[in-house]
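Engineer: can you look at this prediction? I've put the sequence above it.
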Amino acid sequence: MDFLESLIKLGISPVDGLQVLTCMFAGIVAGSNLYVVVVEAPSRVNLPLHSHWEQWATSFKRGVKFIPVLMWSMTATSGAVYYLSPSSPVRNLWLVPVGACVLLFFYTVIVIGPEQKILLENDVISKKGIDWVKQATSRWIRRHYIRVVVILITFVVTLYAAVKS
């Protein structure tokens, strides 16, 4: 018995299952991003620079392994809901996660990416200096706020669309 058959036997349509998955992915991404800017980043502000940078780089390298996977999963399930719900009154709302993922991908590559690559180099402190590294990690967090806002809006829209479907 495959996953879709299991959902149908439980009385859950595949579209409903995809809606739940989209909401789940959006919620995990929103919560993770919110945690970074509300808890994690402020907790390392007063650390010595090397520890501050090391914790930022370690956290970033961990996040980059799972956040993109969750984002693209959210996009795929949301796109599938859009495709499979041609008569839904809130059909177009399921395109919001798709648009958010594409927007955030380009935002990350164009705005955050170039400095991020430099910041992840092991000898960045000796190359760029203490002040630059402190300012660069602060800029990264400020730029990350945009992603937090976009994904929180996306999460709220997916919840609204799921409730109204």
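Structural biologist: Structure received. On a predicted model such as this, the values are computed, not experimentally measured, just so you know.
Engineer: the helix or strand encompassing Val149 - contacts with which helices or strands?
Structural biologist: Assigned by DSSP states H and E, Val149 falls within helix 130-164. Under the contact criterion of 3 or more C-beta pairs under 8 Å, 6 or more residues apart in numbering; DSSP states H and E, helix 130-164 touches helix 14-35, helix 49-84, helix 96-107, helix 113-119, helix 124-128. Placement of C-beta: from N, CA and C, glycine included.
Engineer: tell me the pLDDT of Lys61.
Structural biologist: Reported pLDDT at Lys61 in the predicted model: 90.
Engineer: neighbours of the residue lying closest to it once chain neighbours are set aside, how many?
Structural biologist: For Lys61, ignoring the flanking residues on the chain, the nearest one in space by C-beta to C-beta, 6 or more residues apart in numbering is Leu120 at 7.6 Å. Neighbours of Leu120 under the rule other C-beta atoms under 10 Å: 14.
Engineer: got it, and Lys128?
Structural biologist: 15.
Engineer: right, and Phe155 touches Gly27 too?
Structural biologist: Yes: Phe155 is within contact range of Gly27, at 5.6 Å (criterion: C-beta atoms under 8 Å).
Engineer: more neighbours, these two?
Structural biologist: Phe155 (25 against 18).
Engineer: state the three-state secondary structure for Ser87.
Structural biologist: coil (DSSP: H, G, I helix; E, B strand; the rest coil).
Engineer: between the helices and strands packed on helix 130-164, which gets nearest to Lys164?
Structural biologist: Among these, helix 14-35 comes nearest to Lys164, with 10.5 Å by C-beta to C-beta.
Engineer: just the angle for that closest one relative to helix 49-84, thanks.
Structural biologist: 160 degrees (axes from the mean of the first three to the mean of the last three C-alpha atoms, to 10 degrees).
Engineer: and helix 14-35, what does it pack against?
Structural biologist: When contacts are defined as 3+ C-beta pairs under 8 Å, 6+ apart, helix 14-35 packs onto helix 3-9, helix 49-84, helix 130-164.
Engineer: buried ones in the longest one?
Structural biologist: Along helix 49-84, the positions that meet the burial threshold by neighbour count (16 or more other C-beta atoms under 10 Å) are 52-53, 55-57, 60, 67, 70-71, 73-82.
Engineer: returning to what we had before: wait, which of the helices and strands packed on helix 14-35 is closest to Gln19?
Structural biologist: Judging the helices and strands packed on helix 14-35 by C-beta to C-beta, what sits closest to Gln19 is helix 130-164, at 4.5 Å.
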